[in-house]
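[1] test case, fold it:
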Amino acid sequence: MTKIAFVGLGNMGGPMAGNLVRAGHVVRGFDLSDTVMTSAAEVGVRPAGSLAEAVSDAECVITMLPKGQHVVAVWTDLTTLVAEGTLLIDCSTVDVESARQAHKLASVMNCTSLDAPVSGGTSGAAAGTLTFMVGGPEVAFAVGRPILEAMGKTIVHCGGPGAGQAAKICNNMILGISMIGVCEAFGLAEKLGLSHQALYDVASRSSGQCWSLTAYCPVPGPVPTSPANNDYRPGFTGALMLKDLLLSQEAARQTGAATPLGQQAAGLYAEFEKAGHGDEDFSAIIQMLRERERERAGG
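    Coordinates of the predicted model:
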């Protein structure tokens, strides 16, 4: 049993904290939203009235926050609140530089630290089947792994500080690009008179096979559990996909990497969000592509 403070109890953080409770850990949680604090309390998380209260006596502090600036701000506050030797884990998806800055703050506190962003969405958070991409020293990974295993199925140590965020950004750039490709293929198949099931049966068993097709098919029918069968309720929102694609493009600019498809994908998801679809599942971008077809046909 470990005393854990969990900061950020939203759609991902709340279920993750609940899984830690179910694994036998004592979890004290803090969030600025009273609503999510109430939800977290229902799964056994002990509510704290402040960050200081949440981390008091914690052996491990986990943060799950929207942006890098929030992570750095909270970890800066932690420098005066946590004891030396506390394990600090950030599970947010942020830019690599913010992750490395957080590691430096942990070093100032004489604390061990990990950046450990996740993949698997809200369903994976609830089921405890997330994938963790972890960056940080081997010694910190050895201590943190049992805690991460209570929330996830696959735990991969990617390298030193910031490596987890680097892996997450690259992975989700692949995801964003592949989803658009799958959506375009289904759109073309429709025009050619090919049924959704026929395309799925062929592509899922041949060279077109990918996660965006077989686990998250963007049309109703072939994969009953995909958001397409639930009015495109997320899942993983278009706004979050745009966030990750923009992180990939910022990293590409900083490193000089050539990512023309990543750039195009970011542009399409920016258009998707601007049209008011940011809260829908990211696979719903197929509807925007269809609308483009109708506009061309009407023109």
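[2] residue ranges in this protein under the pLDDT threshold?
    299 (pLDDT under 70).
[3] how about the strands in it?
    For the chain, the strands defined by DSSP state E cover 3-7, 26-30, 46-47, 60-63, 87-90, 112-115, 118-119, 130-135, 152-159.
[4] tabulate those (TSV), appending distance to residue 97 and mean neighbour count.
    Using the backbone N, CA and C atoms, a C-beta is placed for each residue, glycine as well. Output for those, formatted as TSV (distance: least, CB to CB, whole Å; neighbours: other CB atoms under 10 Å):
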stretch	distance to residue 97	mean neighbour count
strand 3-7	21	26
strand 26-30	25	23
strand 46-47	33	16
strand 60-63	17	25
strand 87-90	13	27
strand 112-115	11	28
strand 118-119	20	21
strand 130-135	13	25
strand 152-159	16	18
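[5] export the ones you listed to JSON lines and tack on distance to residue 287?
    As requested, the strands of the chain are exported to JSON lines (distance: least, CB to CB, whole Å):
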{"stretch": "strand 3-7", "distance to residue 287": "36"}
{"stretch": "strand 26-30", "distance to residue 287": "36"}
{"stretch": "strand 46-47", "distance to residue 287": "39"}
{"stretch": "strand 60-63", "distance to residue 287": "34"}
{"stretch": "strand 87-90", "distance to residue 287": "34"}
{"stretch": "strand 112-115", "distance to residue 287": "34"}
{"stretch": "strand 118-119", "distance to residue 287": "24"}
{"stretch": "strand 130-135", "distance to residue 287": "28"}
{"stretch": "strand 152-159", "distance to residue 287": "31"}
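[6] and those: which comes nearest residue 180?
    Ranking the strands of the chain by proximity to residue 180 (CB to CB) places strand 118-119 first, at 18.1 Å.
[7] parallel or antiparallel, list what pairs with the closest one.
    With DSSP bridges as the test, strand 118-119 is paired with strand 130-135 (antiparallel).
[8] just how off-centre is the partner strand within its chain?
    10 Å (CA atoms, centre = their mean, to the nearest Å).
[9] state the number of residues packed around residue 96.
    23 (other CB atoms under 10 Å).
[10] measure it to residue 256 for me?
    Going from residue 96 to residue 256 by CB to CB, to the nearest Å gives 15 Å.
[11] next one: residue 269
    23 Å.
[12] which one of the two has more residues nearby?
    residue 269 (27 against 6).
[13] hmm, back to that, out of the strands of the chain, nearest to residue 185?
    For those, proximity to residue 185 was assessed by CB to CB; strand 118-119 is nearest, at 22.9 Å.
[14] who touches the closest one?
    In this structure, residues lying in contact with strand 118-119 by CB atoms under 8 Å, 6 or more residues apart in numbering are 12, 16, 91, 93, 124-125, 130-133, 151-152, 168, 171-172.
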